[in-house]
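Enquirer: fold the following for me, if possible:
(one chain, ligands or ions: 1)
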Amino acid sequence: MSIDVLASIREQITKTDSELLALIAQRQKLTAQVAETKVKHQISVRDKTREEQLLVRLIKQGREFGLDPHFITNLFQVIIEDSVLQQQAMLHEWANPDSRLPLNRVAFLGKKGSYSYLATQKYFSRRPGELVEIGCKSFAQIIEKVETHEADYAVLPIENTSSGSINEVYDQLQHTRLNIVGELTHPIKHALLVHDGAQNIDIKTIYAHPQVFAQCSHFLAEFGNVEVKTCDSTSDAMIKVSELASPHAAAIGSEESGGFYALKSIKSNLANQKENHSRFIVVASQSIKVPLQVPAKTTVIMSTVQSPGALCDVLLVLKENNINLTKLESRPINGNPWEEMFYVDVEGNTEDGPMQTAFDKLRGMTRYFKVLGCYPVEKVSPTRIAASKALS
Ligand SMILES: O=C(O)C(=O)C[C@]1(C(=O)O)C=C[C@@H](O)C=C1
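Expert: Numbers count the residues shown, from 1 in each chain. Now for the predicted structure:
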């Protein structure tokens, strides 16, 4: 193939991609209109039957064009996920007109390139208003920024699939009046990053945040004789290694962020678990109203009375009211040795009847009970098509 032919084919690909983009934008406009109708008629955003019909038809049509059913399924699952999240964001705005700010001042851990920075960018990309980044040194400082109204929101990592719950953040939540208003999960892809001008690399020191060391403990154990130095955030680790510009120093951080600091990746997928994700919560001074058409989650903290089976009784109240518990975490209460504060995540909206019945009962039977927030579930589980339907 001559180089001219290649250029001409690429031109046609570029044109086709532009047409695809225009069509995707047209689809987005239509789904925005759907959201308006759903609000008017109080219909849930998600309609899995419609999604299934749509996917079955597209797989069939795709086959006529010689397209692989798995490719079609993956492609349209991403398109539908975007559609659902966009509709949820619109409903959120209509239900909370006061939360529409010209500037979203957001406090997060680290600087440009930290995982919290990436999560912040992702979460606020769907929100109106300009993002103002407020990088912080610690979780306590992040919370303080919102408490003193220097920031409107804080983004905090709360759990990770490799290292579990982030206790320091749970402990901060015990002592704040802030409310959880959102959540998101973000893939955490740890890479070993070195200065991109470094030659004859022989790593003697690795810099990273303590959470990162915990998530990559298997890799570090195998790595052998290396000094491990902790930093306040992954971005600080990257900055340190960038400044040192030494063949003996490496940072563990996000591969996609290394470029911010002239670092290159020499090894990726360092986490103990292949699927390494962190869940972040978004907190603000004011609670929000979650429209009933949007799937919601509620987080409460409570301390039970000191009697046998007290926690079991609490869980039974949730069961009696058909409330699904998605997470239960316990943390010591400062100053009260051997007493625990329980953090409970449940599926549902605080406006739901069964949730109100259950919470009224729990308030009466616990020593302390506080709703930390009710917020939209950000994860859109993809609709799967049974092979019998996809292949019929
Ligand atoms: O048809 C709808 O009700 C939509 O909201 C649109 C759409 C889609 O993007 O195709 C999105 C979400 C629903 O679960 C089903 C389909």
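Enquirer: contact partners for residue 11?
Expert: With contact set as CB atoms under 8 Å, 6 or more residues apart in numbering, residue 11 has no partners. C-beta here means a position set from N, CA and C on the backbone, and glycine is covered the same way.
Enquirer: Provide the secondary structure category for it.
Expert: Three-state call for residue 11 (DSSP: H, G, I helix; E, B strand; the rest coil): helix.
Enquirer: renumber starting at 640 from here on
Expert: Sure thing, new numbering starts at 640, so read that last one as residue 650.
Enquirer: okay, it and the ligand: tell me how far apart.
Expert: Remark: distance between residue 650 and the ligand (CB to the nearest ligand atom, to the nearest Å) = 31 Å.
Enquirer: where does the residue of the stretch 640-789 of the chain found nearest the ligand land in three-state SS?
Expert: Closest residue of the stretch 640-789 of the chain to the ligand, CB to the nearest ligand atom: residue 722 (3.2 Å). The local conformation at residue 722, judged by three-state DSSP, is helix.
Enquirer: which helix or strand contains the residue nearest to it when sequence neighbours are not counted?
Expert: Counting by CB to CB, 6 or more residues apart in numbering, residue 670 is the residue found nearest to residue 722 once chain neighbours are left out, at 4.3 Å. Using DSSP states H and E, residue 670 sits in helix 642-680.
Enquirer: so, in contact with the ligand or not, the following helix or strand past that helix?
Expert: With elements assigned by DSSP H and E, the helix or strand that comes after helix 642-680 is helix 687-703. Yes. Residues of helix 687-703 are located near the ligand by CB under 6 Å from any ligand atom, namely 689-690, 693.
Enquirer: among these, which one lies nearest to residue 869?
Expert: Nearest to residue 869 out of those is residue 690 (CB to CB; 45.2 Å).
Enquirer: that closest one contacts residue 1020, doesn't it?
Expert: No. Assessed by CB atoms under 8 Å, residue 690 is found out of contact with residue 1020, at 10.9 Å.
Enquirer: of those two, who's got more company?
Expert: Neighbour totals were compared for residue 690 and residue 1020, and residue 690 leads with 19 against 11 (other CB atoms under 10 Å).
Enquirer: leaving out the residues flanking it, which one is nearest to that one?
Expert: Excluding its sequence neighbours, the residue lying closest to residue 690 (CB to CB, 6+ apart) is residue 1022, at 4.2 Å.
Enquirer: now residue 869
Expert: The nearest residue in space to residue 869 (CB to CB, 6+ apart) is residue 849, at 5.1 Å.
Enquirer: same deal with residue 914?
Expert: That would be residue 800: by CB to CB, 6+ apart, it lies 5.9 Å from residue 914.
Enquirer: so how far is the helix or strand harbouring residue 796 from its chain's centroid?
Expert: For residue 796, the element it lies in under DSSP H and E is strand 792-799. Taking CA atoms, centre = their mean, to the nearest Å, the mean C-alpha location of strand 792-799 is offset from the chain mean by 8 Å.
Enquirer: in its sheet, what does it sit against?
Expert: Strand 792-799 has its sheet partners listed here by DSSP bridges as strand 742-748 (parallel), strand 803-804 (antiparallel), strand 916-923 (antiparallel).
Enquirer: return the residues of the stretch 690-839 of the chain in contact with the ligand.
Expert: So the stretch 690-839 of the chain meets the ligand at 690, 693, 719, 722-723, 726 (CB under 6 Å from any ligand atom).
Enquirer: does the residue in the stretch 890-1031 of the chain that the ligand sits nearest to count as helix, strand or coil?
Expert: Taking CB to the nearest ligand atom, the ligand has its nearest neighbour within the stretch 890-1031 of the chain at residue 1022, 7.6 Å off. With three-state DSSP as the basis, residue 1022 sits in coil.
Enquirer: pretty sure residue 887 sits against residue 841.
Expert: Yes. Using CB under 8 Å, residue 887 is in contact with residue 841, at 6.0 Å.
Enquirer: okay, these two: which has more neighbours?
Expert: Between residue 887 and residue 841, residue 887 has the larger neighbour count (other CB under 10 Å), namely 15 against 8.
Enquirer: tell me the contacts of the more buried one?
Expert: By CB under 8 Å, 6+ apart, the neighbours of residue 887 are 841-844.
Enquirer: residue 904 contacts residue 897, correct?
Expert: Yes. Counting by CB under 8 Å, residue 904 does reach residue 897; the two are 5.8 Å apart.
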